[in-house]
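Participant: build me a model:
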Amino acid sequence: MARGILATGSTRVSEMVASLPSHLQRRFHQAKALYRFLDNPRVKAEALLERICEESTEALVGEEVLVLLDPSPLHKPYARALEGLHPVGGEREAGYELLTALGVDAAGHLAVGYAHLLAYGEKGFLSLPKEVERAIEGATERLGGEGRRRVWVADRGFDERKVFRQVLSLGAAFVV
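Facilitator: Down below sits the predicted model:
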């Protein structure tokens with residue numbers, strides 16, 4: 001996912017470079033270094049995302065956290081040969097779904113509990129319900145905390161018995 005976000009174009013990398021302190025903002029050189037870093041085969045996008053998840057969940061406080069579960073379409077209307085492209089969203093344009101579970105505590109701290117880029121046509125993809133099950137398991141593990149109560153918040157797309165049963169089996173509440 002991290003590679004996908006950064007690979008969406010040089011504008012993203014330019015924004016990242018622009019956020020650096022002014023004495024480091026030689027944009028061309030910093031962007032080139034960032035692209036070189038991301039192209040390194042020893043740099044794994046999963047490891048970057050794992051670290052983001054760890055650090056963001058450490059900031060959560062309180063006894064209750066809202067877990068926002070949502071798939072978001074990422075349109076790639078001009079892409080032709082990317083692996084796993086599938087029609088997504090209301091416009092049914094070629095793209096992917098980004099399935100996320102974000103935790104929000106009473107103080108407004110935001111944590112990434114789960115994030116996975118779904119490619120429906122990708123080898124090994126089983127089904128959206130199976131991915132939702134994995135998202136609930138992953139976010140429960142990350143956002144649970146000792147004695148922390150989770151309230152799952154989702155839209156109508158998640159109003160099915162399997163999701164309800166899984167959330168209830170975890171001792172959590174839900175709002176759809």
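
Participant: quick one, what contacts residue 116?
Facilitator: Contact analysis of residue 116 by Cβ atoms under 8 Å, 6 or more residues apart in numbering lists 1, 98, 99, 100, 131, 134, 135. In short, each C-beta sits where N, CA and C put it, glycine included.

Participant: with residue 70 instead?
Facilitator: For residue 70, the contact set (Cβ under 8 Å, 6+ apart) comprises 99, 100, 102, 154, 155.

Participant: same check on residue 156?
Facilitator: Neighbours of residue 156 in contact, by Cβ under 8 Å, 6+ apart: residue 176.

Participant: and what of residue 75?
Facilitator: By Cβ under 8 Å, 6+ apart, residue 75 lies in contact with 88, 89, 91, 93, 94, 95.

Participant: could you point out the helix or strand that follows the longest helix along the chain?
Facilitator: The single longest helix within the chain, with elements called by DSSP state H, is helix 128-143. Note on helix 128-143: by DSSP states H and E, the next helix or strand toward the C-terminus is strand 149-153.

Participant: and that following strand, which residues are buried?
Facilitator: The neighbour-count check on strand 149-153 (16 or more other Cβ atoms under 10 Å) flags 150, 152, 153 as buried.

Participant: by contact count, what packs against it?
Facilitator: Counting contacts by 3 or more Cβ pairs under 8 Å, 6 or more residues apart in numbering; DSSP states H and E, strand 149-153 packs against strand 64-75, helix 128-143, strand 173-175.

Participant: so where's this protein shaky on pLDDT?
Facilitator: Residues of the chain meeting the criterion pLDDT under 70: 1-27, 29-30, 79-84, 145-146, 159.

Participant: centre-most residue in this protein?
Facilitator: Closest residue to the average C-alpha location of the chain: residue 115 at 2.6 Å, with Cα atoms, centre = their mean.

Participant: which strand or helix spans it?
Facilitator: Using DSSP H and E, residue 115 sits in strand 110-118.

Participant: roughly how far is that strand from the heart of the chain?
Facilitator: Distance, stretch centre to chain centre, for strand 110-118: 3 Å (Cα atoms, centre = their mean, to the nearest Å).

Participant: that strand pairs with which strands, and in what direction?
Facilitator: Here strand 110-118 has these sheet partners by DSSP bridges: strand 93-105 (antiparallel).

Participant: pull up the gap between residue 101 and residue 122, please.
Facilitator: Here the criterion is Cβ to Cβ, to the nearest Å. By it, residue 101 lies 20 Å from residue 122.
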